[in-house]
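Colleague: I need the structure of the sequence given here:
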Amino acid sequence: MKKSIALLALAFGVTGAFAQDLTSKKGEPFLPEADDWSVGIDATPFLNYAGNFFGKTGPNAAPTWNFLTSNLTITGKMMKDAQTAYRASVRLGFANNTTKMYNNDRAEVLTAPNTGYPNTATQKENKWKTSNTNIGIAVGIEKRRGKTRLQGYYGAEVGLGINMSSDKFTYGNALVPTATAPAVTVDVTNADEFNPTINNVQAAGGLGIQGAIGDARMTQRKSGLGFSFGVRAFIGAEYFVAPKVSIGGEFGWGIGMSIQGQSKTTWETTGNTGTGTNTTGTTEIKGGKSTSFALDTDGKNSMFGPTGALRLNFYF
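Modeller: Below you'll find the predicted structure:
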């Protein structure tokens, strides 16, 4: 009887020790619970910060809160219960930028070359507008295993990505010569124009040569629609170093496909300069299309960003 009581007490003691290991001294649970949310970030800056205290290999810069993936998606989870989590990544990026540049009026250069030019020259405005769109969405489900601070997990997710960009250039001075202004000299090193301008369009696929379409400068550039899609299975583990704070990582395998649409570039041209006439016009140059497909580990499927990196997860 006494032996039975002793064994029962020992059993309760061991159980209590394991139970206590899953709570802090303040009684806070280490593991996530139903309805908890989490956000994941790159753990590397924090580990480097802590490691430099001991290695002293260089200045110890403060850690930064970095995106978990190279495609800049915000990654998080929602715990359905202690063993199941819904996970998602999202990026909704829209950017526009306008650059202005002022150049001397070429008509004034011609009509008043000796009246204080260029210090008193009238200014003409060049304008460069850029637009970028990046959209990435991934959703999945995660199943968890383990009864200690070390938790294993596995699951699957699907992702979709879209990207595109465009540039538009407007110029204050006319490209072709007139009765009151000389022709614009177009070159990538010419401070009077934007860098994307190219003499004789030679850098745009060799479609134009001197005397064929004359000088040209870029007026519009579109990248074409980029589309990517992926489905992957993953497996990983995380260890809870503090209540609802863990460090972990994962690997995956799946199918990835991406399609890059045809780019288009529009040039303003002077026409056939070899004929003695200077007629304006536009030339459109189309780029190629590309399609890629991969059935491999995550190193070949970049839809969800790099894997194998250490992750820092916060549950709340």
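Colleague: so what touches stretch 81-99?
Modeller: 31-34, 38, 69, 71-80, 127-145, 153, 155, 157, 159, 304 (CB atoms under 8 Å, 6 or more residues apart in numbering). The C-beta positions use only the backbone N, C-alpha and C, and glycine is treated the same way.
Colleague: which positions in that stretch come out as buried?
Modeller: Neighbour counts over stretch 81-99 (16 or more other CB atoms under 10 Å) mark 85, 87-89, 91 as buried.
Colleague: could I get the residues you listed as JSON lines with pLDDT and distance to residue 258?
Modeller: Output for those, formatted as JSON lines (pLDDT from 0 to 100; distance: CB to CB, whole Å):
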{"residue": "85", "pLDDT": "96", "distance to residue 258": "28"}
{"residue": "87", "pLDDT": "93", "distance to residue 258": "22"}
{"residue": "88", "pLDDT": "92", "distance to residue 258": "21"}
{"residue": "89", "pLDDT": "89", "distance to residue 258": "17"}
{"residue": "91", "pLDDT": "88", "distance to residue 258": "16"}
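Colleague: so what's the residue count around the residue lying closest to residue 223 once chain neighbours are set aside?
Modeller: Ranked by CB to CB, 6 or more residues apart in numbering and with sequence neighbours excluded, the top spatial neighbour of residue 223 is residue 165, at 4.4 Å. Residues lying near residue 165 (other CB atoms under 10 Å) number 16.
Colleague: assign residue 165 to helix, strand or coil.
Modeller: strand (DSSP: H, G, I helix; E, B strand; the rest coil).
Colleague: identify the residues contacting it.
Modeller: Residue 165 sits next to 130-133, 222-223 when contact means CB under 8 Å, 6+ apart.
Colleague: pLDDT below threshold where in the protein?
Modeller: Within the chain, the stretches with pLDDT under 70 are 1-20, 49, 51, 53-60, 70, 106-121, 176-215, 270-280, 299-308.
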